[in-house]
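J.: for reference, the sequence and a predicted model appear below.
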Amino acid sequence: MIKKPAIVFLLLLTASLYAQVPEWSKGVVWYQIFPERFCNGDTNNDPTADKVYINDKHKQPKGWKITPWTSNWFEESSWEDKMGGEFSHSLGFRRYGGDLQGIINKLDYLKTMGIVAIYLNPIFEAVSMHKYDGSSYHHVDVNFGPDPVGDKALMDSETPDKPETWTVTSADKLFFKLLEEAHKRNIKVVIDGVFNHTGVQFWAFQDIVKKGKASPYFDWYQIKQLDDPATPQNEFDYKGWWNTKSLPEFNRTKENLHEGVKKYIFAATKKWLDPNGDGDPSDGVDGWRLDVAREVPLGFWTEWHALVKSTNPQAIIIGELWELSPDFIGEHGVFDALMNYNFAYAINDFFIAKQKQISSETLVTKLKEIDATYPEQNLYALQNLIDSHDTERLISIIANPDRQFEHDGNENNTDYNPGKPSSEDYETQKLILAFQMTYRGSPMIYYGDEVGMWGADDPHDRKPMVWDELSYQDEVVTALSGFRTGYGKYKVQPNKDLLAYYKKMIAIHNYSPALRYGTVQFLPVHENKHVFGFIRQYKDDKILVLFNLSNRTEIFDFPVDKKEVIDVNVGDKITLDDSNLRISLWGRSVAIYKI
């Protein structure tokens, strides 16, 4: 018999084996893809109205169809007009047909950009376009694969809580092909895990709807009341995520999820980490991003972390955590990294704010607070993002400054401008990108930011990707949009100048060991509160980065033995003398030097 102290020792030993952050994840450039809106590579698998409206059959209008990819975002189709209500209410019922084949078709585009890792929003079977209302965790959405009807039949033949009955659908196979093709290009793929709640079409929840207490899954959810068939109304009630009834929450104790739920999630997790079960995870996903991570019991994450790392020690685990979270990330934490929204807050307050702009000294203080929160190895894996599927698009944040991050970015804000930003705004985006690509961590790009896509908060941040080979209708903003300013007609096409800048900055990041793995040394506080700089160093690679966000030129002198300019985005605004590295940096500019 193993005594308790020995068990504790074994657990600590196991934890130490998997405590290291995957080396590949340090300093990688991420690209976030919202699958339904990235690329429609197969029009034969487009969603149908019966699935889109399965939870809202009374709302289904006649003539519903896929919305053309290149259409004016603010134009209502005839079926949307029949739905009535405000414009934004019908947007959740739109489908554009993005799928896995579309992502496969665009892998070379991502490779050319310099992308090293992809984060996919949920890909599992679900009703909505966002897929955070899962109907299954062990199958890819049938409309992301080549045979929706056939896949649905295969899924119906299974006993979902018995992995030995699981089949491999055509959508699953296409996802495995996506992994193979991405790995051929040395691109990692991370998927979204939504383990706090499901959709009402989730197979176990539907069994409860049909059988009530007779369902073997009755205690998988937090059921408050069953329907009384003797009354005309439906009294069926349960706990939904933040009282959202379309997202029923799993049952749990304070320490863990329900045992049956946990067993199912673990089986699904292993399927995606090691698809053929041969002990070699190279054919599986490279990690997970975990939705509403803080709302799931920590005991579950501890066990799930052990499962993931024992299956693939090089799989990365990233939490959706909107605040500093030393309890989740660190030597004894359950995650390797998080979506670094604290980084976004700091960027918003310094690079974007105008009337409320913080000083460079305050910016450095905010960044150092992040540094002090986590062990050094974790800092290099933090996803340094500015925007995501849960925020306005970066360029629209820039165009609507002086607001708290992730606040007032929709139709409720009477001053919000949803239209195309100015050329000056795009220059600010370049400065922000330069900081993303030179500061410590793993920069993440939300799909379409690189070609200048704009949009207010959800759902306007989820427009179809703008591709160079397609011709788009003008975007026309009127009072019918629900916004009260920004009216006009705007040309929709890729911003090629911005895309070229993204490629250049990503290349600088990828080819510099200092920018991927180096330490950060901030320069002394400058008398101009809108100027700051830092040095990144890894072994013999040493990079000097300077930002001037003021409107006047500033002079910097650095005594060095050897100097070589590796990039300057401001052309002849930079000068050198013979005795020192002298930088005459114009306002609203950045300089990057290899010393």
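T.: Nice, I can see it.
J.: what bits of the chain have low per-residue confidence?
T.: 1-19, 559-580 (pLDDT under 70).
J.: residue closest to the middle of it?
T.: Geometric centre of the chain, nearest residue: Gln32, 4.8 Å, by C-alpha atoms, centre = their mean.
J.: after the helix or strand hosting that one, next one along is what?
T.: In the assignment (DSSP states H and E), Gln32 maps to strand 30-33. The helix or strand immediately downstream of strand 30-33 is helix 49-52, counting by DSSP H and E.
J.: just to revisit the earlier point, contacts only, for the residue nearest to the centre of the chain.
T.: Ile118, Tyr119, Asn121, Leu385, Ser388, His389, Met444, Ile445, Tyr446, Tyr447 (C-beta atoms under 8 Å, 6 or more residues apart in numbering). All C-beta atoms are positioned from the backbone trio N, CA, C, and that covers glycine.
J.: redo those as CSV? Include secondary structure and neighbour count.
T.: Shown next, in CSV, are those (DSSP: H, G, I helix; E, B strand; the rest coil; neighbours: other C-beta atoms under 10 Å):
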residue, secondary structure, neighbour count
Ile118, strand, 21
Tyr119, strand, 24
Asn121, coil, 24
Leu385, coil, 25
Ser388, coil, 23
His389, coil, 18
Met444, strand, 25
Ile445, strand, 23
Tyr446, strand, 23
Tyr447, coil, 24
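J.: with distance to Asp99 added, can I get the residues you listed in TSV?
T.: Shown next, in TSV, are the contacts of Gln32 (distance: C-beta to C-beta, whole Å):
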residue	distance to Asp99
Ile118	15
Tyr119	17
Asn121	13
Leu385	24
Ser388	21
His389	17
Met444	22
Ile445	21
Tyr446	19
Tyr447	14
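J.: can you tell me which of those residues lies closest to Asp286?
T.: Distance to Asp286, by C-beta to C-beta, is smallest for Ile118 among the contacts of Gln32, at 9.0 Å.
J.: the closest one and Ile187 touch, don't they?
T.: Yes - with contacts counted by C-beta atoms under 8 Å, Ile118 reaches Ile187, the gap being 6.2 Å.
J.: hey, what's in contact with both of the two?
T.: Common contacts of Ile118 and Ile187 (C-beta under 8 Å, 6+ apart): Leu110.
J.: re earlier: tell me the strands beside the strand holding Gln32, with direction?
T.: Looking at strand 30-33 with DSSP bridges, its partner strands are strand 117-120 (parallel), strand 442-446 (parallel).
J.: quick one: contacts of the longest one?
T.: Among residues not part of strand 442-446, those counted as contacts by C-beta under 8 Å, 6+ apart are 25-32, 115, 117, 119, 337, 339, 380-389, 393-394, 436-437, 461, 502, 509.
J.: just the ones of those in strands?
T.: Trp30, Tyr31, Gln32, Ala117, Tyr119, Ala337, Gln383, Asn384 (DSSP state E).
J.: include distance to Asp274 when you put those into CSV, please.
T.: Formatted as CSV, those follow (distance: C-beta to C-beta, whole Å):
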residue, distance to Asp274
Trp30, 23
Tyr31, 24
Gln32, 25
Ala117, 19
Tyr119, 20
Ala337, 22
Gln383, 24
Asn384, 30
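J.: narrow the residues you listed to just the buried residues.
T.: Trp30, Tyr31, Gln32, Ala117, Tyr119, Ala337, Gln383, Asn384 (16 or more other C-beta atoms under 10 Å).
J.: and the third one, how far from Lys224?
T.: If I follow you right, that is Gln32. 36 Å (C-beta to C-beta, to the nearest Å).
J.: before we move on, what about the first one?
T.: When distance is defined by C-beta to C-beta, Trp30 is 40 Å away from Lys224.
J.: check the second one too.
T.: Distance, Tyr31 to Lys224, by C-beta to C-beta: 42 Å.
J.: likewise Lys65?
T.: From Lys65 across to Lys224, the span is 38 Å (C-beta to C-beta).
J.: phi, psi for Lys270 please.
T.: phi -70, psi -30 (degrees, to the nearest 10).
J.: residues near the closest residue to it other than its chain neighbours, how many?
T.: Leaving aside its chain neighbours, Lys270 sits nearest to Thr311 (6.1 Å; criterion: C-beta to C-beta, 6 or more residues apart in numbering). Thr311 has 17 neighbouring residues, counting by other C-beta atoms under 10 Å.
J.: Pro275 is in contact with Thr311, correct?
T.: No - checked against C-beta under 8 Å, the pair Thr311 and Pro275 is beyond contact range at 11.2 Å.
J.: ok, the residue nearest to Lys270 - contacts?
T.: Thr311 neighbours (C-beta under 8 Å, 6+ apart): Thr269, Lys270, Leu273, Asp274, Pro281.
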